[in-house]
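**Q** below are the sequence and a predicted model for it; my questions follow.
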Amino acid sequence: MPRLFTAIEVPEEVGLILSGYRGGLSGARWIDVENYHITLRFLGDVDEETAQEAAYLLGKVRRAPFEVTFEGPDAFGGARPRSLIVKVAPTPALIELQAEHERLMRRAGLAAESRKFTPHVTLARLRDASPRAVADYLGLRGGPPGLSFRAEQFVIYSSRDSVGGGPYVLEAAYPLR
């Protein structure tokens, strides 16, 4: 069974700029730049029939390309930080695209996503990073001023079970038009 998710790819030139955040935080396992993406909907481990239905339904999405803008670094996990991220501005176009993916995946028979959509790019998984070290790290880094790109497509990626951060395999790409 493939483990699937939908996403917007981060272009290489933008990924290289974001990679400037790498380093300086003990306990961080940095994600390879070529695996930077914005997850829209995690499908999980699905059978082949569900994967095909999801791919078919996603092919019906008709949305215009839009700007993706980065807001700055942050962390997920509160008192026990688990991921270092760069936040993405939750524009109406991005929120609507994600909501459509959610509706379509429910139609394909998947359970509703339990987590609130928070658009971001994961830069590192954190293991044993103290909250103080993460706060200090974030305090020393500003946001990526004016960093944005035009999303021209969304994709379906597959990943290996229990290996966070890639490598991801591009299974399908859908143009925004």
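**A** All right, it came through fine. Bear in mind the structure is a predicted one, so any value in this text is a computation, not a measurement.

**Q** now do the strands in the protein.
**A** In the chain, the segments counted as strands under DSSP state E are 3-9, 28-30, 37-45, 66-76, 83-88, 120-126, 148-151, 153-159, 169-175.

**Q** paired strands for the second one, with orientation please.
**A** Strand 28-30 pairs in its sheet with strand 120-126 (antiparallel), by DSSP bridges.

**Q** what's the angle between the strand it pairs with and strand 66-76?
**A** 30 degrees (axes from the mean of the first three to the mean of the last three Cα atoms, to 10 degrees).

**Q** C-alpha coordinates for stretch 134-141, CSV please?
**A** The C-alpha trace of stretch 134-141 is given here as CSV (Å, rounded to 0.1, in the frame of the first residue of the first chain):
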residue,chain,number,x,y,z
VAL,A,134,14.7,26.3,19.7
ALA,A,135,13.5,29.6,21.1
ASP,A,136,17.0,31.0,20.9
TYR,A,137,17.5,29.6,17.4
LEU,A,138,14.2,31.3,16.2
GLY,A,139,15.1,34.5,18.0
LEU,A,140,18.3,34.9,16.0
ARG,A,141,16.6,34.4,12.6
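
**Q** still on that earlier bit, what would the strands of the chain look like in JSON lines with distance to residue 57, mean pLDDT and mean neighbour count?
**A** The C-beta positions use only the backbone N, C-alpha and C, and glycine is treated the same way. Below are these laid out as JSON lines (distance: least, Cβ to Cβ, whole Å; pLDDT from 0 to 100; neighbours: other Cβ atoms under 10 Å):
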{"stretch": "strand 3-9", "distance to residue 57": "11", "mean pLDDT": "96", "mean neighbour count": "22"}
{"stretch": "strand 28-30", "distance to residue 57": "34", "mean pLDDT": "95", "mean neighbour count": "17"}
{"stretch": "strand 37-45", "distance to residue 57": "11", "mean pLDDT": "96", "mean neighbour count": "19"}
{"stretch": "strand 66-76", "distance to residue 57": "21", "mean pLDDT": "95", "mean neighbour count": "18"}
{"stretch": "strand 83-88", "distance to residue 57": "24", "mean pLDDT": "96", "mean neighbour count": "21"}
{"stretch": "strand 120-126", "distance to residue 57": "25", "mean pLDDT": "96", "mean neighbour count": "21"}
{"stretch": "strand 148-151", "distance to residue 57": "19", "mean pLDDT": "98", "mean neighbour count": "15"}
{"stretch": "strand 153-159", "distance to residue 57": "11", "mean pLDDT": "96", "mean neighbour count": "19"}
{"stretch": "strand 169-175", "distance to residue 57": "11", "mean pLDDT": "96", "mean neighbour count": "13"}
